[in-house]
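Chemist: When you get a sec, could you give me coordinates for this:
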Amino acid sequence: MAHLTRKDGIDFLGLIPQIGIVTHTTRYPLDQANQALADLRGGKFEGAAVLVP
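Modeler: As a prediction, this is how the structure comes out:
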């Protein structure tokens, strides 16, 4: 188990632009949660599905 501090997290987030981490999200309205799951299972996008109100 790692024991990281809040500062450790903040320091790591500051490194993200230098490391070149790129995130990919696909937004779905909350009422399309089932479609988001189907698309995820079907490999229709890279990254994460995000449900929005």
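Chemist: Could I get the phi/psi values of the residue nearest the centre of the chain?
Modeler: Nearest to the geometric centre of the chain sits residue 48, at 4.9 Å (CA atoms, centre = their mean). Residue 48 adopts backbone torsions of phi -120, psi 150, taken as degrees, to the nearest 10.
Chemist: Provide a list of residues in contact with the closest residue to it other than its chain neighbours.
Modeler: Spatial nearest neighbour of residue 48, excluding adjacent residues (CB to CB, 6 or more residues apart in numbering): residue 25 at 5.3 Å. Quick note: C-beta positions are derived from backbone N, CA and C, even for glycine. Residues near residue 25 by CB atoms under 8 Å, 6 or more residues apart in numbering: 47-50.
Chemist: by contact count, what packs against the lengthiest helix in the chain?
Modeler: Counting by DSSP state H, the longest helix found in the chain is helix 6-19. Under the contact criterion of 3 or more CB pairs under 8 Å, 6 or more residues apart in numbering; DSSP states H and E, helix 6-19 touches no helix or strand at all.
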